[in-house]
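# This is a predicted model, with the sequence first.
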Amino acid sequence: MESIQLGEIAGGALQEKIQQALQDVFRNMQDPNTPYKRMREITVKMKFAQNEERNDVKCEISVEKKLASSRPVATAFYVETDLRSGTVEYEEYGGGLRGQMSLSDFPGMDPGGHAEAAAEESAPIDFKAARQA
């Protein structure tokens with residue numbers, strides 16, 4: 001009997017499957033959206049079935065991996081029922097306070113809260129008018 005090289009089993013398919021699983025595990029470990037303490041796992045299964053004469057053996061090979069799942073993403077919604085129509089209305093407000101406005105909600109402001117044009121920087125912003133719009 002001679003020994004079998006693992007890299008040669010199934011024409012190299014076993015080694016290829018293990019290498020792909022290793023890539024997936026290490027990619028998952030580098031993902032900042034997964035918990036760093038969670039253990040990852042690779043399992044190689046080889047199932048053998050023989051014929052009645054015991055001279056022919058079929059082998060089924062599988063490589064399974066357990067990765068850390070991504071952390072959940074949180075948001076928040078304001079929900080109310082329109083009493084006139086009976087429809088449920090909702091609006092996402094994310095991590096801010098309900099009803100809180102951002103400077104980017106006002107005309108003439110970029111998402112960073114800066115005036116878009118130099119001439120507008122010196123002009124006061126009418127927040128009441130912008131909120132009613």
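That came in fine, so what should we check first?
# domain assignment for the protein?
The chain breaks down by automatic domain parsing into domains covering 6-66, 77-132.
# Let me have those domains in a markdown table, adding mean neighbour count and mean pLDDT as columns.
In short, each C-beta sits where N, CA and C put it, glycine included. Conversion of those to a markdown table gives the following (neighbours: other Cβ atoms under 10 Å; pLDDT from 0 to 100):
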| stretch | mean neighbour count | mean pLDDT |
| --- | --- | --- |
| domain 6-66 | 12 | 96 |
| domain 77-132 | 10 | 72 |
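# so where's the longest helix in the chain?
Counting by DSSP state H, the longest helix found in the chain is helix 13-30.
# which residue ranges form the helices in this protein?
Here the chain has its helices, by DSSP H, at 13-30, 118-122, 127-132.
# mind listing what residue 60 touches?
Shown in contact with residue 60 (Cβ atoms under 8 Å, 6 or more residues apart in numbering): 45-47, 49.
# do the same with residue 59
Counted by Cβ under 8 Å, 6+ apart, residue 59 has contacts 10, 46-48.
# Could you measure from the nearest residue to residue 7 once chain neighbours are set aside over to residue 90?
Leaving aside its sequence neighbours, residue 7 sits nearest to residue 15 (Cβ to Cβ, 6 or more residues apart in numbering; 4.4 Å). For residue 15, the distance to residue 90 (Cβ to Cβ, to the nearest Å) stands at 52 Å.
# cool, and residue 16?
48 Å.
# Quick check: chain neighbours aside, which residue is closest to residue 45?
Spatial nearest neighbour of residue 45, chain neighbours left out: residue 62 (4.7 Å); criterion: Cβ to Cβ, 6+ apart.
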